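In: below: sequence and its predicted model.
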Amino acid sequence: MNDRHGKPLHYADDHLRAILGRVRTIAMVGASPKWIRPSNFVMKYLLGKGYRVIPVNPAAAGQEILGQRAYGHLNEVPGPLDMVDIFRASDAAGAIVDEVISLAPEKSISVVWMQLGVRDDAAARRAEAASLIAVMDRCPKIEYGRLFGELSWCGVNTGIISAKRPVMHP
Amino acid sequence: MTDKDKNRALGFETRAIHAGSHPEPVTGARNTPIFQTTSYVFEDVDHAADLFNLQTFGFLYSRITNPTVAVLEERIANLEGGRAAVCAASGHAAQFLAFFTLLEPGDEFVASRNLYGGSVTQFGHSFKRLGWNCHFVDPLEPENFRRALTPKCKAIFLEGLANPGGIVVDMEPVAEIAHEAGIPLIVDNTMASPYLCRPIEWGADLVIHSTTKFLSGHGTSMGGAVVESGRFDWAQNDKFPSLTQPDPAYHGLTFHETFGDFGFTMKARSVALRDFGPALSPMNAFLTITGIETLPLRMERHVANAEKITRFLEGHPAVAWVSYAGLESSPYRQLARKYLAKGAGSVFTFGLKGGFEAGVKVVESVNLFSHLANVGDTRSLIIHPASTTHRQLDKDQQVASGAGPDVIRLSIGLESADDLIDDLDLALNHAAA
Ligand SMILES: Cc1ncc(COP(=O)(O)O)c(C=O)c1O
């Protein structure tokens, strides 16, 4: 069920930091080949931070997006994955989460992440029941920038307060 | 407890010192360095393109972002409880950035008529030449804002604690009126500072500062800021195409979609600040950051001194009236209790029984008060508006804008209160003699 207006979501900084530090390979469902789209921005940023990002988009299957081969469907992506990032509308997210749950053991997926504005509380509960970590309504680019200092560069209130020397990467 | 949970509980004083400022990662420098540079070396051509296209975070050119200015932006955003902030060269420039990001030519907005005089001029005259029309209303009755709204109105603007002084606006119902109309409430919080009032907690969507005043606090540095709450849904209607439609100045980028709850700030920075250029200097940002570190202590003393001095003035035979929302006699006392629980600031006006002549004598007879056109300094300041800032107006206009011939405005500083009282006492007696 699409449940975008549930109670406010809270993810502890340490939890997100651990996810972004552990994950290496990310399948991005809904990655756009158009360079001006938000998904393309996020993919480019994550590639720049050293993640392997594999685009999944039926309209771009067989093409390359940012130099990475795109697949038409999640189950066509070869090899293990750590995380699936869902760049689709909330009402499409539930079915993708279910697919992630069924693929998780075979592909050793441990995290299903729904983008900023994408939220389906019931799907997140199903993922958690299957021992996956679920994150909703957050952008991994913004969270990476926030937790490792770069978001402060454009005046955003990161909420991070510390007198320790900052570490700019996980 | 996670670090986020801990941060949520951190006090205002802690955040006034630490928010936005971390030790410098390369050298470990503890205080915020003054990055006195115009520009930043790219890693390669692709990195440069990413920065120009807003695909990554980073520094490009100090008209748009600068590391010292960024610390100040995050600190002000944090203290106001907002999502993000953009700084500008002055409070007036900050207002321009906010309105340029919201309005198209032919658009309108509603503003309280009890504003800093410079804002009345900016809205009533200079904005008109850009095709932005302001309707001024008496803010005492919140419904006046609703009555003035037209379908072309894109914002409501007010000063919660108004300059020149003594007036407090009931902003919570005005925020509701704005939200029912699908438009943001903008509050100029300069006179209160976030230590005394946080408008976002009362429903404001954007907060404006002239950091020239209490935030920098020492009369050293011009500056301004626009804070975005992150809670306003710009896509709820079609009133804000500059945020919700593809931007031709950025290859068709849609700011609200791409940057979510800090899309307004990104747009104000990447278009209004980039293309009109009123950037805050790193030196001024540094002085303002340093000022904010003592904001809680200074505001407590500003308020304590203002309370002592207004009580003294109320009892002085040469004084006809005192307009300070911290006084029991003020008609705004109840509103001040609600919005300004820690004090009603330190800028206020009072009237002299001796009229214009007495006003001139008082400003010329004080010795500790500086006769000048500013507020929010460590030093106490005095001005007689009718003979200075409001000189061009006729008497009726002067009275309507709270600057009648008998009016003196004070900004109480941090000197010993007894010395300020003695100084005023001598000047008042001299003027009455
Ligand atoms: C309440 C208020 N808003 C805005 C301004 C304008 O700020 P600046 O002088 O920094 O442009 C002032 C300046 O006096 C002010 O008092």
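Out: Sure, I can see it.

In: can we go C-alpha only for contacts and neighbour counts from here?
Out: OK.

In: which helix runs longest in the chain?
Out: In the absence of a named chain, this looks at chain A. helix A:90-107 (DSSP state H).

In: could you do chain B instead?
Out: helix B:295-314.

In: show me what the longest helix of chain A packs onto, helices and strands only.
Out: strand A:83-86, strand A:111-114, helix A:121-129 (3 or more CA pairs under 8 Å, 6 or more residues apart in numbering or on different chains; DSSP states H and E).

In: pull the distance from that helix to the chain's centre.
Out: In this view, helix A:90-107 has its centroid 13 Å away from the chain centroid, taken as CA atoms, centre = their mean, to the nearest Å.

In: now that helix - C-alpha only, CSV.
Out: Extracted in CSV, the C-alpha atoms of helix A:90-107 (Å, rounded to 0.1, in the frame of the first residue of the first chain):
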residue,chain,number,x,y,z
SER,A,90,5.9,5.4,-4.5
ASP,A,91,3.1,3.3,-6.0
ALA,A,92,5.6,1.4,-8.1
ALA,A,93,8.0,0.8,-5.1
GLY,A,94,6.1,-2.1,-3.4
ALA,A,95,6.4,-4.5,-6.3
ILE,A,96,10.1,-3.7,-6.7
VAL,A,97,10.7,-4.3,-3.0
ASP,A,98,9.0,-7.7,-3.3
GLU,A,99,11.3,-8.5,-6.1
VAL,A,100,14.3,-7.4,-4.1
ILE,A,101,13.1,-9.7,-1.3
SER,A,102,12.9,-12.7,-3.6
LEU,A,103,16.3,-12.0,-5.2
ALA,A,104,18.1,-11.1,-1.9
PRO,A,105,19.4,-14.6,-0.9
GLU,A,106,20.8,-15.3,-4.4
LYS,A,107,22.4,-11.9,-5.0
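
In: flag every buried residue along that helix.
Out: For helix A:90-107, the neighbour count (16 or more other CA atoms under 10 Å in any protein chain shown) marks A:Ser90, A:Ala92, A:Ala93, A:Gly94, A:Ile96, A:Val97, A:Asp98, A:Val100, A:Ile101, A:Leu103, A:Ala104, A:Lys107 as buried.

In: how many neighbours does whatever residue of the stretch 201-350 of chain B ends up closest to the ligand have?
Out: As assessed by CA to the nearest ligand atom, the ligand sits closest to B:Ser210 within the stretch 201-350 of chain B, at 4.2 Å. B:Ser210: 27 surrounding residues under other CA atoms under 10 Å in any protein chain shown.

In: do A:Asp13 as well
Out: 18.

In: wait, it sits on A:Arg146?
Out: No. Taking CA atoms under 8 Å as the definition, A:Asp13 is not a contact partner of A:Arg146, at 9.5 Å.

In: who touches stretch B:233-243?
Out: Residues outside stretch B:233-243 that contact it (CA atoms under 8 Å, 6 or more residues apart in numbering or on different chains): B:Thr101, B:Leu102, B:Leu103, B:Lys154, B:Gly182, B:Thr244, B:Thr254, B:Phe255, B:His256, B:Gly263, B:Phe264, B:Lys267.

In: let's see which of the residues you listed end up in helices.
Out: B:Thr101, B:Leu102, B:Thr244, B:Phe255, B:His256, B:Gly263, B:Phe264, B:Lys267.

In: top of the contacts of stretch B:233-243 by neighbour count?
Out: B:Phe264 leads those on contacts (other CA under 10 Å) with 30 neighbours.

In: which residues touch it?
Out: Counted by CA under 8 Å, 6+ apart, B:Phe264 has contacts B:Thr101, B:Glu228, B:Leu243, B:Phe255, B:His256.

In: just send the residues you listed back as CSV, with pLDDT and distance to the ligand too.
Out: Formatted as CSV, the contacts of B:Phe264 follow (pLDDT from 0 to 100; distance: CA to the nearest ligand atom, whole Å):
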residue, pLDDT, distance to the ligand
B:Thr101, 98, 18
B:Glu228, 98, 17
B:Leu243, 97, 25
B:Phe255, 97, 27
B:His256, 95, 27
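
In: from those residues, which is closest to A:Ala163?
Out: B:Glu228 (25.8 Å; CA to CA).

In: backbone phi and psi for the residue nearest to that closest one when sequence neighbours are not counted, please?
Out: Of all residues not flanking B:Glu228 in the chain, B:Leu206 sits nearest, at 4.8 Å (CA to CA, 6 or more residues apart in numbering or on different chains). With angles defined as degrees, to the nearest 10, B:Leu206 sits at phi -130, psi 140.

In: for B:Leu206, give me its contacts.
Out: Going by CA under 8 Å, 6+ apart, B:Leu206 touches B:Pro184, B:Leu185, B:Ile186, B:Val187, B:Ile200, B:Val226, B:Val227, B:Glu228, B:Ser229.

In: who's the second one bridged to?
Out: Spelled out, it's B:Leu185. Listed beta-bridge partners, B:Leu185: B:Ile156 (assigned using DSSP bridges).

In: for B:Glu108, see how far away it is.
Out: 14 Å (CA to CA, to the nearest Å).

In: for the helix or strand following the longest helix of chain B, name the packing helices and strands.
Out: Note on helix B:295-314: by DSSP states H and E, the next helix or strand toward the C-terminus is strand B:319-323. Secondary-structure packing of strand B:319-323 (3+ CA pairs under 8 Å, 6+ apart): helix B:295-314, strand B:347-352.

In: and B:Ala373, what does it touch?
Out: Here B:Ala373 is in contact with B:Ile382, B:Ile383, B:Thr389 (CA under 8 Å, 6+ apart).

In: what subset of those residues is buried?
Out: Among these, the ones that count as buried by 16+ other CA under 10 Å are B:Ile382, B:Ile383.
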